[in-house]
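>>> fold the following, please.
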Amino acid sequence: MTPSLRLPLSRLIGLSVLVLILSGCVAPLMVGGFVGGTMVASDRRTAGSQLEDQGIELRASTRIREQIGSGVHINVTSYNRQVLLTGEVSKAQEKQLAEQILNRVENVRSVVNELAVAPNSSLSDRTNDALVSGKVKASMVDSRDVFASAFKVVTERGTVYLMGRVTQREATRAVEIARGVSGVQKIIRVFEIISEEELKTLQPQPVSEPASAAPASKP
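Numbering: from 1, shown residues only. Take a look at the predicted model:
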């Protein structure tokens, strides 16, 4: 009988990202954590916060195109209303203007401006960045001691930005995992640190099974 082939999730997701890139449709990867060997989705934002983050990204991207133009390469990533700007602009004034635009977007809590004044990255650079992000996320899943879905990973020119509502313990562990991934040149933390007590309130509560009914007595 032919032995089954088992690949670590980091290899499988890396291959999936490569297929998406080659097909011209790179999409964000949603990766769950493991509890008792079962994969679960565990975004620590409320449903309302997730929708608000999507709205912030859409409004910000639209205003940047209108006021700066489409010749720049600017990525807008919002997590719990904290916005990360990555990519390249041609002038320092454009970098400053992008931040000013974000500060005027409704419900933005803070802005981390990591735009580089440099030529736009190449397709090869962006392909490599997508692969690095996929490998970092998958390595978190493979480690099985962090909730991978609690983290958002953004990679730009080999620099990995880690976002999420996590404890200091989780943040330290995530950085350790990312450092072990090939292609990662630098790691920048963009975390919202919460306490261990707050984390407990965010964990899904076990559902208690209803008590079985007592057997009916015979007449």
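
>>> would it be right to say that residue 174 lies in a helix?
Yes - under DSSP: H, G, I helix; E, B strand; the rest coil, residue 174 sits within a helix.

>>> pretty sure it is in contact with residue 168, am I right?
No - contact criterion Cβ atoms under 8 Å: residue 174 and residue 168 do not qualify, at 10.8 Å. In short, each C-beta sits where N, CA and C put it, glycine included.

>>> more neighbours, the two?
residue 174 (27 against 12; other Cβ atoms under 10 Å).

>>> now stretch 156-172: buried residues?
Buried residues in stretch 156-172, counted by 16 or more other Cβ atoms under 10 Å: 156-157, 159-167, 170-171.

>>> wait, residue 147 sits on residue 43?
No - here residue 147 lies out of contact with residue 43, judged by Cβ under 8 Å, at a distance of 9.6 Å.

>>> ok, those two, which is more surrounded?
More crowded of residue 147 and residue 43, by other Cβ under 10 Å: residue 147, with 26 against 18.

>>> from residue 201, how far off is the more buried one?
15 Å (Cβ to Cβ, to the nearest Å).

>>> give me the element residue 201 is part of.
Element membership of residue 201 [criterion: DSSP states H and E] is helix 196-202.

>>> ok, residues contacting that helix?
44, 165, 167, 169, 170, 194 (Cβ atoms under 8 Å, 6 or more residues apart in numbering).

>>> show me which of those residues is closest to residue 69.
Within the contacts of helix 196-202, distances to residue 69 taken as Cβ to Cβ reach their minimum at residue 165, with 34.0 Å.

>>> sorry, back to before: narrow the buried residues of stretch 156-172 to those in strands?
156, 159, 160, 161, 162, 163, 164, 165, 166 (DSSP state E).

>>> what segments of this protein are helices?
Counting by DSSP state H, the chain has helices at residues 9-23, 47-67, 92-103, 123-143, 168-179, 196-202.

>>> does residue 49 touch residue 56 like I think?
No - contact criterion Cβ under 8 Å: residue 49 and residue 56 do not qualify, at 10.2 Å.

>>> quick one: which of those two has more around it?
residue 56 (23 against 17).

>>> contacts only, for that one.
Neighbouring residues of residue 56 by Cβ under 8 Å, 6+ apart: 76, 78, 81, 83, 105, 106, 107, 108.
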